[in-house]
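Colleague: Build me a structure from this.
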Amino acid sequence: MSTPRQAPDARRRLPPEERRRQLVAVGLQELSIRPIHALSIDRVAEIAGISRGLLFRYFPTKQDFYVAVVGAASRRMLRAAAANPDDPDPLRAGLSAFVSFVDRHRDNYQAFFHGGFGADPQIREIHDEVRNTMVGRILAATGAAPDPLTTMRLRGWWSMVESLAVDRTAAPDTSVDDVVDYSITVLRTVVLDDPGASSATIDSAARPDLTSPGSGS
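Modeller: Prediction:
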């Protein structure tokens, strides 16, 4: 049996907030090799060089630890999906980064927000924060007015983007660019009522695997 990798500074006494950050970092490290439902508290404690009981001094329950890890993973995703301010097309850059992130982490993304963990009120709050942040970025990238109707439409549109990003991983003939192209077309022609785009553009962009009901919705 292989010896668990210990995190840096595992054996020295750490201030509470630093220890919490270390334990969450170990959780994220473990998520890179296993799904969240297989994330072991005992293994996290062992890698961190502390006892299971000490871990629960920082996170009262296993669910509290999972929520902290999901929150950290979501912040990492939002950083990854942030377009460079100098990018000539921040809308496409941000969407491509998001869909690519889901492509790399599909099982955990699905488990976080659309599986059993997604029923937790704290996880739903994290998911809402992700959606609100992405909607805010879309408003900024398109210059759309942040009125209630447009914001409501964008929130619904973002749910579609999530679903397509998750479903795409099971459709090898559909690329990340296919999802991004279709999402942008729907955004401009349906959500934002862009008169410069025609409904024919949607028809030409649509593919059967993009318009079928998805497991991610």
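Colleague: Might you list the low-confidence residue ranges for this structure?
Modeller: Along the chain, segments meeting pLDDT under 70 span 1-12, 115-119, 194-217.
Colleague: Could you chop it up by domain?
Modeller: 16-60, 74-211 (automatic domain parsing).
Colleague: will you turn those domains into a markdown table that also has mean neighbour count?
Modeller: (Each C-beta comes from the backbone N, C-alpha and C, glycine too.) Putting the domains of the chain into a markdown table (neighbours: other Cβ atoms under 10 Å) gives the following:
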| stretch | mean neighbour count |
| --- | --- |
| domain 16-60 | 16 |
| domain 74-211 | 17 |
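Colleague: Reformat the ones you listed into JSON lines and put distance to Tyr66 next to each item.
Modeller: Listed next are the domains of the chain as JSON lines, based on distance: least, Cβ to Cβ, whole Å:
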{"stretch": "domain 16-60", "distance to Tyr66": "7"}
{"stretch": "domain 74-211", "distance to Tyr66": "7"}
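Colleague: Nearest to Val67, out of those domains?
Modeller: In terms of Cβ to Cβ, the element of the domains of the chain nearest to Val67 is domain 74-211, at 4.6 Å.
Colleague: Please compute how far that closest one lies from its chain's middle.
Modeller: In terms of Cα atoms, centre = their mean, to the nearest Å, the gap separating the centre of domain 74-211 from the centre of its chain is 10 Å.
Colleague: returning to that earlier point: what's the closest of the domains of the chain to Ala68?
Modeller: That would be domain 16-60 among the domains of the chain, by Cβ to Cβ, at 5.1 Å.
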